[in-house]
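Chemist: I would like to see how this sequence folds:
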Amino acid sequence: MGSDLVQHKVIILFGLHSQKIIRKVYKKIKKYETVLRIMYKKNMRISSGVGVEGIARIEIQKRIDLIQVIIYIGFPKFLIENRPRRVEELQMNVQKELHCANRKLNIAITRIANPYGHPNILAEFIAGQLKNRVSFRKAMKKAIELTELANTKGIQVQIAGRIDGKEIARVEWIREGRVPLQTIGAKIDYCSYTVRTIYGVLGIKIWIFVDEE
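Modeler: Numbers count the residues shown, from 1 in each chain. This is a model prediction of the structure:
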């Protein structure tokens, strides 16, 4: 499942091969993100009760001898008993999978406030509803209701594809509050997520208006 979850801090060196370097770094970071999500799910034995992994975002900072990873999660049930031991297991498994024995890997798991104010978690929630054959309109409306707990200024949800198994693909969307996508000073959190259902692949996009600068 693809979603915009990774934030990677890297210094870009402008020069003749800078574009190749950027593409290579991005590809490697996306691989890290995929492995981290898979291993996190296996090691932490997730059971949130809401049908989502609850990862709001993953930050990866690479240095010569260190890879620092911070996983931001939204639900307290993920902070399970024996957490230190399982985090150590997660670090060992990720390190083996990524073949980064020459670098120290440090993983920290941090809980965030107001998880339903994050588009990635909402997109996972909607995806789970669609997989369970819940009406797309009901799923979108429920997601908007959940954002009310996070005191967001506005939200727009879009689903595209063969919705409800219809032969012709279409786009459906719903908006609540203000979502000024054309305003430069507006702080918008965005997520693009893909879900595979019995009818085919659907694309979910979410915009959340957080604040204005």
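Chemist: What segments of this protein are helices?
Modeler: Assigned by DSSP state H, the helices in the chain fall at 18-44, 83-98, 119-131, 136-147.
Chemist: If I average pLDDT within each of those, which one is lowest?
Modeler: Between these, the lowest average pLDDT goes to helix 18-44, which shows a mean of 60.
Chemist: what's the pLDDT at residue 55?
Modeler: At residue 55, the model reports a pLDDT of 78.
Chemist: Pairing-wise in the sheet, spell out the partners of it.
Modeler: residue 73 (DSSP bridges).
Chemist: Surely it is in contact with residue 119?
Modeler: No - Residue 55 is beyond contact range of residue 119, at 12.0 Å (criterion: CB atoms under 8 Å). All C-beta spots, glycine's among them, are computed from the backbone N, C-alpha and C.
Chemist: mind giving me the domain split of the protein?
Modeler: Using automatic domain parsing, the domain ranges for the chain come out as 6-111, 115-212.
Chemist: Tell me how many other residues surround residue 176.
Modeler: As a burial measure, residue 176 scores 19 neighbours (other CB atoms under 10 Å).
Chemist: ditto for residue 201
Modeler: Residue 201: 12 neighbours (other CB under 10 Å).
Chemist: who's it bridged to?
Modeler: Here residue 201, judged by DSSP bridges, has bridge partners residue 196.
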